[in-house]
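Novice: got a structure for you, letters missing:
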Ligand code: ADE
């Protein structure tokens, strides 16, 4: 009941999972509590995430918490096949993911995990939620809620909510401070550079490095590229962020101007065709083009390939595209998120906090479940989702829409993380607390 590349890869996958787990101390603490309390007992959970050693530690934690878990990949190219094999063989977790799977297999795998009839789903990019609202609508009533890992997914869900099309409560894990301030910034910063270097082995020092987008991912990437000696240029449409980039010391330009200078271009926008057909002629000969965003539409990879006179693969995930003008463009990872394609995604120490949030989101959804023994008819007027066996139903106390985890979760996760780093911080005195809560004292 799984589909992975080769179960014989399991032994190396198991060691990789163990190493990653040793760097994920917050998740470890949650795992120990889950083992005792079993907060996910009787919950079936379908997860669509990048199948990495870090994700393995998350799904193992959910299983230890009592859930029946099934996992599929959230990108056709990001699966670590040895990890997928170990999840099946050593941890008995149904897994449907093969690195390089075609689009048909990718969607087949998504359907496989939904065949488990989950009460909770977990997404990185909103593909399961999207399927539940399109081809598998009949299953929606059994789902009490979902959680979403990434900025792009949250943007998609908020668009659904705005259209009145979202019929589930979804926890935007990405919106937790202990997720986006660290994963998006330091995780993407480091792992994108790692991906570019593994694919190309070029020197960054002295290169003109254009980053499209100055959100949390762009900021992290800019800081790391600068640290390695690159001359960083930022293109950003949001004036406040563009100003921030300028005051952070970066050159800020329009894309049309910046691409004439850039040796390396990375998109991190969450948007579409930021580098498009109109730009191809202005690109510098020999430019390296990579994407750090979730979907492979941030630069127009297909459009570029269409205009190619010739195309060769020089190294893994490094294609040389020669345009009719004779200009060469080097494209990484077919425009898919390079940190997970040619490297291993974010390091475990930072996924630790992201996945602590995911584990707590699953627990939060389970705790907000309410059960009914009412008849089906008496509950059918409600807009809330409910899961049903023959005569008992359960629904979430949370309304359909995009929700955030409570602030206390951030504080708890940050405190544990600080603790694992051996860092102690001060507490406010009673007098200071009183001062902050009063308005009478002035100059
Ligand atoms: N997203 C970015 N890095 C990741 C990782 N290492 N595992 C799962 N999802 C990720």
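Specialist: Thanks, I have the structure now. Only a predicted model underlies this, so the values are computations on that prediction, with no experimental measurement involved.
Novice: is any part of the helix or strand hosting residue 26 close to the ligand?
Specialist: According to DSSP states H and E, residue 26 maps onto helix 25-37. No: residues of helix 25-37 contacting the ligand under CB under 6 Å from any ligand atom: none, with a closest distance of 11.9 Å. Where you see a C-beta, it was placed from the backbone N, CA and C, and this is true even at glycine.
Novice: just checking, next helix/strand downstream of that helix?
Specialist: Following helix 25-37 toward the C-terminus (DSSP H and E): strand 44-49.
Novice: Can you list the strands that that next one pairs with?
Specialist: Sheet pairing here is set by DSSP bridges, and for strand 44-49 it gives strand 68-73 (parallel), strand 120-123 (parallel).
Novice: So which of those has the densest surroundings on average?
Specialist: strand 120-123 (a mean of 29; mean count of other CB atoms under 10 Å).
Novice: What are the contacting residues of it?
Specialist: 43-49, 67, 74, 114, 128-129, 132, 143-149, 153, 358, 361-362, 365-366 (CB atoms under 8 Å, 6 or more residues apart in numbering).
Novice: do stretch 143-156 and the ligand meet at all?
Specialist: No: Stretch 143-156 stays clear of the ligand (CB under 6 Å from any ligand atom), getting no nearer than 7.0 Å.
Novice: got the contact list for stretch 22-36?
Specialist: 21, 40, 54, 57-58, 60-62, 64-66, 347-349, 351-353, 355-356, 359-360, 363, 413, 416-417, 420.
Novice: List, out of those residues, those positioned next to the ligand.
Specialist: Restricting those to contacts with the ligand (CB under 6 Å from any ligand atom) yields 54, 351.
Novice: taking the contacts of stretch 22-36 one by one, which sit in strands?
Specialist: Residues of the contacts of stretch 22-36 located in strands (DSSP state E): none.
Novice: Can you classify residue 284 by secondary structure?
Specialist: Taking DSSP: H, G, I helix; E, B strand; the rest coil as the rule, one finds residue 284 in the coil state.
Novice: how close does it get to residue 328?
Specialist: 10 Å (CB to CB, to the nearest Å).
Novice: before we move on, what about residue 26?
Specialist: Distance, residue 26 to residue 328, using CB to CB: 45 Å.
Novice: Equivalent analysis for residue 134, please.
Specialist: 41 Å.
Novice: neighbour count winner among those two?
Specialist: Just comparing residue 134 and residue 328: by other CB atoms under 10 Å the higher neighbour count belongs to residue 328, 16 against 9.
Novice: For the more buried one, give the beta-bridge partners.
Specialist: Under the criterion used (DSSP bridges), residue 328 bridges to residue 322.
Novice: What segments of the stretch 101-250 of the chain are strands?
Specialist: Taking DSSP state E, counting those that start in this stretch as the criterion, the stretch 101-250 of the chain carries its strands at 120-123, 145-148, 169-172, 208-212, 231-235.
Novice: Tell me the buried residues in stretch 211-231?
Specialist: 211-226, 230-231 (16 or more other CB atoms under 10 Å).
Novice: Can you give me the neighbour number for the residue in the chain positioned nearest to the ligand?
Specialist: Going by CB to the nearest ligand atom, the ligand is nearest to residue 345 of the chain, at 2.8 Å. Neighbour count of residue 345, defined by other CB under 10 Å: 24.
Novice: Check this protein for its longest strand and report it.
Specialist: Assignment by DSSP E; longest strand in the chain turns out to be strand 308-315.
Novice: List the contacts of it.
Specialist: In contact with strand 308-315 (CB under 8 Å, 6+ apart) are residues 199, 200, 305, 319, 320, 321, 322, 323, 324, 330.
Novice: what two of these are the furthest from one another?
Specialist: 199 and 324 (25.1 Å; CB to CB).
Novice: the more surrounded of those two?
Specialist: residue 199 (24 against 9).
Novice: Pretty sure the more buried one sits against residue 318.
Specialist: Yes: counting by CB atoms under 8 Å, residue 318 is a contact partner of residue 199 at 4.9 Å.
Novice: Touching both of these two, which residues are there?
Specialist: Common neighbours of residue 199 and residue 318 (CB under 8 Å, 6+ apart) are residue 332.
Novice: what's the pLDDT at residue 391?
Specialist: Model confidence at residue 391, expressed as pLDDT, equals 46.
Novice: For the residue lying closest to residue 229 once chain neighbours are set aside, give its distance to residue 400.
Specialist: Among residues not flanking residue 229 along the chain, residue 205 sits closest, at 3.1 Å (CB to CB, 6 or more residues apart in numbering). Using CB to CB, residue 205 is found at 51 Å from residue 400.
Novice: okay, these two: which has more neighbours?
Specialist: A count of neighbours by other CB under 10 Å puts residue 400 above the other of residue 205 and residue 400, at 20 against 9.
Novice: What is the burial count for the residue nearest to that one when sequence neighbours are not counted?
Specialist: Spatial nearest neighbour of residue 400, chain neighbours left out: residue 167 (5.1 Å); criterion: CB to CB, 6+ apart. When neighbours are counted by other CB under 10 Å, residue 167 registers 19.
Novice: what's the spacing between residue 167 and residue 405?
Specialist: Counting by CB to CB, the gap from residue 167 to residue 405 is 21 Å.
Novice: Which residues of the protein lie near the ligand?
Specialist: Counting by CB under 6 Å from any ligand atom, the chain comes close to the ligand at 49, 50, 52, 54, 55, 340, 345, 346, 351.
Novice: Same list (these) but as JSON lines, adding distance to residue 4 and pLDDT.
Specialist: As requested, the residues of the chain next to the ligand are arranged in JSON lines below (distance: CB to CB, whole Å; pLDDT from 0 to 100):
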{"residue": "49", "distance to residue 4": "15", "pLDDT": "98"}
{"residue": "50", "distance to residue 4": "15", "pLDDT": "97"}
{"residue": "52", "distance to residue 4": "14", "pLDDT": "98"}
{"residue": "54", "distance to residue 4": "17", "pLDDT": "98"}
{"residue": "55", "distance to residue 4": "14", "pLDDT": "98"}
{"residue": "340", "distance to residue 4": "17", "pLDDT": "94"}
{"residue": "345", "distance to residue 4": "18", "pLDDT": "97"}
{"residue": "346", "distance to residue 4": "22", "pLDDT": "98"}
{"residue": "351", "distance to residue 4": "21", "pLDDT": "98"}
